[in-house]
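A.B. asks: I would like to see how this sequence folds:
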Amino acid sequence: MTHKPTESELDILRVLWEKGPSTVRVVNEILSQEKETGYTTTLKLMQIMAQKGIVTRDESSRTHVYNPAIEQKNVQHTLLNKLVDAAFSGSASQLVMQALGQGKTSKAELEEIKKLIEQLEGEQK
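C.D. replies: The predicted model follows:
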C-alpha cells in the first residue's frame, strides 16, 4: 500500500469493510451517526478516494456503488508498523504492554491473546 489513508478516509473504509459495497448515501448515514457529516463532504471524499485507487466505483447504475480497493488487513498492517516504529522505537512488545495496560481488554480478548502466544511459541520450537 503506497497511500496511507487519512482519518476521514479510514472512517469511510471502515464502513465499506463492514457493510460491503455501498452508495454514498448509505456511507454518509452511518458516518452521521457518530458525528454530523454532510452528504456532499462524504461524496467528495469518496470521489477523491476513487481517484487515489483506495476505493472502486461501479457506475453501471444511476447510484454509484463504492467498494474498498484495499484490504483491511493490509491497511492495519501498514498503520501498525508505522505506529510501532514512530511511538515505540520499533518494539512490538512495548506496544502490546501499553495496550494491555490500559485495562480495557475483556476476558475473551485475553484468552485470544493467550492462544496466539501459545501458537507463536509452538512455531518457534
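
A.B. asks: low-confidence ranges in the protein?
C.D. replies: Scanning the chain for pLDDT under 70 picks out the ranges 1-3, 125.

A.B. asks: okay, strands next: where are they in it?
C.D. replies: Taking DSSP state E as the test, the strands found in the chain are 55-58, 65-68.

A.B. asks: centre of the chain to the last one, how far?
C.D. replies: Between the mean C-alpha location of strand 65-68 and the chain-wide mean there is a distance of 15 Å, by Cα atoms, centre = their mean, to the nearest Å.

A.B. asks: show me what it is packed up against.
C.D. replies: helix 7-19, helix 39-52, strand 55-58 (3 or more Cβ pairs under 8 Å, 6 or more residues apart in numbering; DSSP states H and E). Backbone N, C-alpha and C define where each C-beta goes, glycine included.

A.B. asks: domains of the protein?
C.D. replies: The chain breaks down by automatic domain parsing into domains covering 7-68, 72-124.

A.B. asks: would you turn those domains into a markdown table with mean neighbour count?
C.D. replies: Below are the domains of the chain laid out as a markdown table (neighbours: other Cβ atoms under 10 Å):
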| stretch | mean neighbour count |
| --- | --- |
| domain 7-68 | 15 |
| domain 72-124 | 11 |
